[in-house]
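Student: Here you go, sequence then predicted model.
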Amino acid sequence: MDIQQRVDYINQHVTNLTPDQQSKIRTIEEYYLSTIKRVRPEAIDSLRHVTDNNIRMVLSNEQLEQYQNLAMYPH
């Protein structure tokens, strides 16, 4: 998945994201996808965990619940 597909997936499943939240999520995903190419394979799970936590910090409680229920997209 590319960045736009990842952001679109979240936008489709988490309601009422503000433009600011969408921008922050895009920035987080851009960092994840650029970094994943440079880390050791054993560090990918840790990087995904950090990325998920960063996204969670952007969301409201209601949105967070929706995000937690997502079947996460492939790494």
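Tutor: Thanks, I have the structure now.
Student: Give me the distance between residue 50 and residue 19.
Tutor: 24 Å (CB to CB, to the nearest Å). Just so you know, the C-beta spots here come from the backbone N, C-alpha and C atoms, and that holds for glycine as well.
Student: Between these two, point out the one with more neighbours.
Tutor: The neighbour comparison of residue 50 against residue 19 (other CB atoms under 10 Å) goes to residue 50, with 14 against 7.
Student: buried set for the helix or strand that one falls within?
Tutor: In this assignment (DSSP states H and E), residue 50 forms part of helix 44-58. Under the neighbour-count criterion of 16 or more other CB atoms under 10 Å, helix 44-58 has 47, 51, 54-55, 58 buried.
Student: and the next element down the chain from that helix?
Tutor: For helix 44-58, the following helix or strand on the C-terminal side (DSSP H and E) is helix 61-68.
Student: same for that following helix, what does it pack against?
Tutor: helix 3-13, helix 44-58 (3 or more CB pairs under 8 Å, 6 or more residues apart in numbering; DSSP states H and E).
Student: List the residues that contact residue 59.
Tutor: 14, 21, 67 (CB atoms under 8 Å, 6 or more residues apart in numbering).
Student: How much space separates it from residue 37?
Tutor: 26 Å.
Student: And the lowest-mean-pLDDT helix or strand in the chain, what does it pack against?
Tutor: When the helices and strands of the chain are scored by mean pLDDT, DSSP states H and E, helix 3-13 comes last with a mean of 90. Helix 3-13 sits against helix 19-36, helix 61-68, with contacts defined as 3+ CB pairs under 8 Å, 6+ apart.
Student: Understood, closing this out.
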